[in-house]
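> got a structure for you, letters missing:
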């Protein structure tokens, strides 16, 4: 919607001590957030933050959209928040209130969890990159590209990119988010093509449809070029889900035909699709914000990348097993060939020896009378003379 929304809270410090309260929207992707704190004496404190506003304007330097309110003893204030969107797309907001120190503690724990999450994916990507360099298996290279594009998307989605990479270029955040998401789905499709070996296991028309779905992710560049983030996000959801559903449908079909790779693929991406669907449904206001909808993509992707890593390891083990079996068959074939050659050589040696004996007999025998000839007489005489 193009409308703006106003939210009002009344905050009261019932204690005899000053309090520092943080109001956190719980999501770093709201475009414009206007804070208006109305004091009891009529004073109004205004500030503007958002993911389309430079990071330096934030009153609380954190990746989420939060505001710090100083409350004197027994003071009551009214907090008005105006939420506006660049082009109509609003994000789910699991709002929370906390004391400043408690808020810092929660944010640090969340950031630590996200750092471990992204660090684990990066480490997994580097490991598979080494495997790709060593084996030149296309599936490993595409898996690395998928992990890289996902990490870039996730860092932007969680607010780290605006905080650390381009704090003065907030307009780039939304465009990068859509393009990175399209790259994630395109890499998923390419990885499925290589990992499931669709060139040899699926009908050609299935691959053509999949390649068309992969290419359709480039359509997000059109609305992004026009700075239409909401339209780009919707196009990306449609094209991305098309790739996901098509690859899972093909994997299910291959699973019923006994494919080991399809087993890992179906389980891994089913988990990811459930998490992604929960997030999208929360954005569409079908489901209420919760831990599983707000963090659904991260939870699903963490399980998914681990399962795919296991699938790639299983494929490598299968290749090693097939190589060992092939080497064993080749060794047995070489042994059988060597035995056959040895047997043939022995047979030919015996035949040659028999032929030589016949030739020797013919050379000392008269052909007409079968009596010994002069050559035999000479050989006998020479032998007798030598002995004397």
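Perfect, I can see it now. Because the structure is a prediction, the values reported are computed rather than measured. Numbering: from 1, shown residues only.

> what about the helices in the stretch 101-250 of the chain?
For the stretch 101-250 of the chain, the helices defined by DSSP state H, counting those that start in this stretch occupy 138-157, 160, 171-195, 198-201, 204-216, 221-225, 229-256.

> and the longest helix for this structure?
When the chain is parsed with DSSP state H, its longest helix is helix 296-363.

> how many degrees apart are that helix and helix 138-157 in direction?
Put simply, helix 296-363 runs at 170 degrees to helix 138-157, going by axes from the mean of the first three to the mean of the last three C-alpha atoms, to 10 degrees.

> Can you give me the buried ones in stretch 229-240?
229-233, 235-237, 239-240 (16 or more other C-beta atoms under 10 Å). (C-beta placed from N, C-alpha, C; glycine too.)

> Could I get the residues you listed in CSV, plus columns for distance to residue 40?
Putting these into CSV (distance: C-beta to C-beta, whole Å) gives the following:
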residue, distance to residue 40
229, 39
230, 39
231, 44
232, 45
233, 42
235, 49
236, 47
237, 46
239, 53
240, 50
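
> ok, those vs residue 89, which is closest?
residue 230 (3.7 Å; C-beta to C-beta).

> correct me, but the closest one touches residue 87?
Yes. Counting by C-beta atoms under 8 Å, residue 87 is a contact partner of residue 230 at 4.6 Å.

> closest to residue 56 out of the helices of the stretch 101-250 of the chain?
Closest among the helices of the stretch 101-250 of the chain, using C-beta to C-beta: helix 171-195, at 14.5 Å.

> Next, the angle helix 138-157 makes with the closest one.
160 degrees.

> chain center to helix 171-195: distance?
What separates the centre of helix 171-195 from the centre of its chain is 10 Å, taken as C-alpha atoms, centre = their mean, to the nearest Å.

> now it: mean pLDDT?
When pLDDT is averaged along helix 171-195, the result is 92.

> What residues of that helix count as buried?
By 16+ other C-beta under 10 Å, the buried positions in helix 171-195 come out as 173-195.

> Reformat the helices of the stretch 101-250 of the chain as JSON lines; add distance to residue 13.
Shown next, in JSON lines, are the helices of the stretch 101-250 of the chain (distance: least, C-beta to C-beta, whole Å):
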{"stretch": "helix 138-157", "distance to residue 13": "35"}
{"stretch": "helix 160", "distance to residue 13": "33"}
{"stretch": "helix 171-195", "distance to residue 13": "35"}
{"stretch": "helix 198-201", "distance to residue 13": "63"}
{"stretch": "helix 204-216", "distance to residue 13": "55"}
{"stretch": "helix 221-225", "distance to residue 13": "45"}
{"stretch": "helix 229-256", "distance to residue 13": "39"}
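
> out of these, nearest to residue 101?
Closest to residue 101 of those, according to C-beta to C-beta: helix 160, at 22.5 Å.

> For the closest one, what is the distance to the chain centroid?
Relative to its chain's centre, helix 160 lies at 20 Å (C-alpha atoms, centre = their mean).

> tell me how far the ends of stretch 20-40 are from each other?
Its start and end residues considered, stretch 20-40 measures 17 Å (C-alpha to C-alpha, to the nearest Å).

> where are the low-confidence patches of the stretch 51-200 of the chain?
Along the stretch 51-200 of the chain, the model assigns pLDDT under 70 to no residue.

> at 80 instead, please
Within the stretch 51-200 of the chain, the segments meeting pLDDT under 80 span 92.

> can you tell which of the helices of the stretch 101-250 of the chain is closest to residue 266?
Smallest distance to residue 266 across these (C-beta to C-beta): 4.8 Å, for helix 229-256.

> Using the three-state scheme, assign the residue nearest to residue 17 when sequence neighbours are not counted.
Nearest residue to residue 17, sequence neighbours excluded (C-beta to C-beta, 6 or more residues apart in numbering): residue 73, at 6.0 Å. Recorded secondary structure, residue 73: coil (DSSP: H, G, I helix; E, B strand; the rest coil).

> Quick check: residue 73 vs residue 99, distance?
As defined by C-beta to C-beta, to the nearest Å, residue 73 lies at a distance of 15 Å from residue 99.

> same deal with residue 140?
Using C-beta to C-beta, residue 140 is found at 48 Å from residue 99.

> Compare the two (neighbour count), which wins?
residue 140 (23 against 12; other C-beta atoms under 10 Å).
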